[in-house]
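**Q** Have a look; sequence and predicted model below, questions after that.
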Amino acid sequence: MPQRFQRVVLKISGESFGRPGELGIDPTELAAMAREIGDAAGTGVELAVVCGGGNIIRGAEMAKAGTIDQSTADYMGMLGTVINGMALKEALRVVGVESRVMSAIALTAVAEPFIRARALRHLEKGRVVILVAGTGNPFFTTDTCASLRAIELGAQVLLKATKVDGIYDSDPRKDPKARRFDELTFPEVLERQLGVMDLTAMTMCMEHDLPVCVFDFRTAGNIRRAVAGERIGTIVRCGAPTPAATR
């Protein structure tokens, strides 16, 4: 039987807040996400959620256009994650789940500052901790934030919710022969350049022996299954044997 995790960090992309291919926050998608997160939290797991902000603004893309400096564009992206985090908190309230929004930059009117000890206290009290504004620094992705917070908070696994059901050897949306892996090691991911997370985030997880589970968030019940330790998606860990592709 799978062993349920006690504490996890869930990374959700900004795309999760809207309909596929659309910007902004869709109320239906937001409500569905809140139900899924609430269902997982109801198992008793201590759950922290790191929000992306790509549905609001993509700082890296704005910086490439040359009009806005990347530091400023990255801070704008951080504010996008705050909007998503506030929306998620309200959606969780509607389904009866208590949560707190904690920000890496000072926004005291809408969020608590991220303080490790306070975040741990919220988790111990059964509150979902919603982490926004990334690391609070430009040039770092929200994937890096998720890795950092998972290590800081002593999570047993980092759950990365994506649009596909795991890690493939090529893009399954473009290659019908793409094969999905059940399990990979960190060196294999880096060597194959599979693009699961950015290099900084992946290296941090590898150095701290923090497993990463990549799975499809749009399948109902998957977040609950992931926190329960069921084998879904692809698991990346240290020291695992060379895996066989499932398809």
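**A** Right, received. Where do you want to start?

**Q** Quick one: neighbours of T219, just the number.
**A** As a burial measure, T219 scores 13 neighbours (other C-beta atoms under 10 Å). Where you see a C-beta, it was placed from the backbone N, CA and C, and this is true even at glycine.

**Q** ok, it - contacts?
**A** D165 (C-beta atoms under 8 Å, 6 or more residues apart in numbering).

**Q** Could you rerun that using 10 Å?
**A** For T219, the contacting residues are 36, 165, 225, 232-233, by C-beta atoms under 10 Å, 6 or more residues apart in numbering.

**Q** Of the residues you listed, which is the most crowded?
**A** G233 (27 neighbours).

**Q** Distance check, that residue against L107.
**A** With distances taken as C-beta to C-beta, to the nearest Å, G233 is found 33 Å from L107.

**Q** which one of the contacts of T219 is nearest E124?
**A** Distance to E124, by C-beta to C-beta, is smallest for E36 among the contacts of T219, at 22.7 Å.

**Q** In this structure that closest one contacts V128, no?
**A** No: with contacts defined as C-beta atoms under 10 Å, E36 does not count as touching V128, sitting 11.8 Å away.

**Q** Wait, G18 touches A32, no?
**A** No: the pair G18 / A32 is not scored as a contact, 11.6 Å apart, by C-beta under 10 Å.

**Q** list residues touching both of those two?
**A** When contacts are counted by C-beta under 10 Å, 6+ apart, G18 and A32 are jointly contacted by D26.

**Q** since we're on C51, how many residues are nearby?
**A** Residues near C51, counting by other C-beta under 10 Å, number 30.

**Q** Please apply the same query to the one 5 residues further on.
**A** The burial metric for I56, expressed as a neighbour count using other C-beta under 10 Å, is 20.

**Q** still on that earlier bit, format the contacts of T219 as TSV; extra columns: distance to L120.
**A** Formatted as TSV, the contacts of T219 follow (distance: C-beta to C-beta, whole Å):
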residue	distance to L120
E36	24
D165	32
R225	25
I232	27
G233	27
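
**Q** hang on, the earlier thing: G18 and A32: who's more crowded?
**A** Taking other C-beta under 10 Å, G18 and A32 do not tie; G18 has more neighbours (19 against 16).

**Q** so where's this structure shaky on pLDDT?
**A** Within the chain, the segments meeting pLDDT under 70 span 1-3, 240-247.

**Q** try it again with 80
**A** Residues of the chain meeting the criterion pLDDT under 80: 1-3, 58-63, 239-247.

**Q** Centroid-nearest residue for it?
**A** K11 (0.7 Å; C-alpha atoms, centre = their mean).

**Q** which residue sits farthest out from the middle of the protein?
**A** In the chain, the greatest distance from the average C-alpha position (C-alpha atoms, centre = their mean) is reached by T67, at 29.1 Å.

**Q** how close does the residue nearest to the centre of the chain get to D175?
**A** 25 Å.

**Q** follow-up on the earlier one: which neighbours do E36 and V128 have in common?
**A** Joint contacts of E36 and V128 (C-beta under 10 Å, 6+ apart) are L10.

**Q** Can you show me the helices along the chain?
**A** Applying DSSP state H to the chain gives helices spanning 27-41, 59-64, 70-94, 116-124, 142-152, 186-192, 199-207, 222-227.

**Q** and the angle for the fourth one with helix 142-152?
**A** In other words, helix 116-124. Between helix 116-124 and helix 142-152, the angle comes out at 80 degrees (axes from the mean of the first three to the mean of the last three C-alpha atoms, to 10 degrees).
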